[in-house]
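Engineer: Predicted model follows, preceded by the sequence.
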Amino acid sequence: MSAEDEKQTVFTSESVKTHATQDDLWMVIHGKVYNATKFIDEHPGGEEVLLDVGGMDATDAFEDVGHSDEARKILAELCVGQLDPSEVVTSTKSTSTPDKKATPSSSGSGFVSYIAFAIVIAAVAYYVYTQSLTDSK
Ligand code: HEM
């Protein structure tokens, strides 16, 4: 969500797909395009996993591991552009083509789901807490 995102080159997923080898490895994470070629040898998680997602959307793979802030810094340095906004499916950010589907006020929806998530967490925590009180009796 930073201003620097806007000036980047836009790639289609078709063009990203053509960079899927060890000598030329790109991937898409959260709608941005990354050139991971130089990083393959250095990746603490190994080259195999990077090659597996070469030319593809690696958002889930990247997030499932729970990468550190340090990893995200490295990632930022590898960024070469962004995916064509009309092709981004994993992002909740508004695209340049407004669609009259069930899109609640674009800027508010992220915040609302954040609050909803916090409420669910609080409810579960309260439940666990009351259970533990009952158990200890
Ligand atoms: C260009 C994208 C990526 C970068 C810059 C990156 C960077 C890193 C860094 C710095 C670490 C060390 C731990 C940490 O700081 O979180 C790490 C660990 C790891 N990465 Fe990645 N990573 C990338 C993509 C991926 C992908 C797509 C996968 C696919 C599953 C993956 C799997 C792992 C695993 C399994 C580890 C843990 C290694 C261990 O602790 O034994 N990474 N990565």
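Structural biologist: Looks like it came in fine.
Engineer: How is this protein divided into domains?
Structural biologist: The chain resolves into domains spanning 3-87, 106-137 when parsed by automatic domain parsing.
Engineer: now, of those domains, which is deepest in the fold?
Structural biologist: Highest mean neighbour count of these: domain 3-87, a mean of 15 (counted as mean count of other C-beta atoms under 10 Å). C-betas here are computed from N, CA, C, even on glycine.
Engineer: I'd assumed Ile121 was in a strand, is it?
Structural biologist: No - counting by DSSP: H, G, I helix; E, B strand; the rest coil, Ile121 is not part of a strand but helix.
Engineer: The domains of the chain: lowest mean pLDDT?
Structural biologist: Among these, domain 106-137 carries the lowest mean pLDDT, a mean of 76.
Engineer: Please, which helix or strand holds whichever residue of the chain sits closest to the ligand?
Structural biologist: Taking C-beta to the nearest ligand atom, the ligand has its nearest neighbour within the chain at Gly45, 2.5 Å off. For Gly45, there is no helix or strand it lies in under DSSP states H and E.
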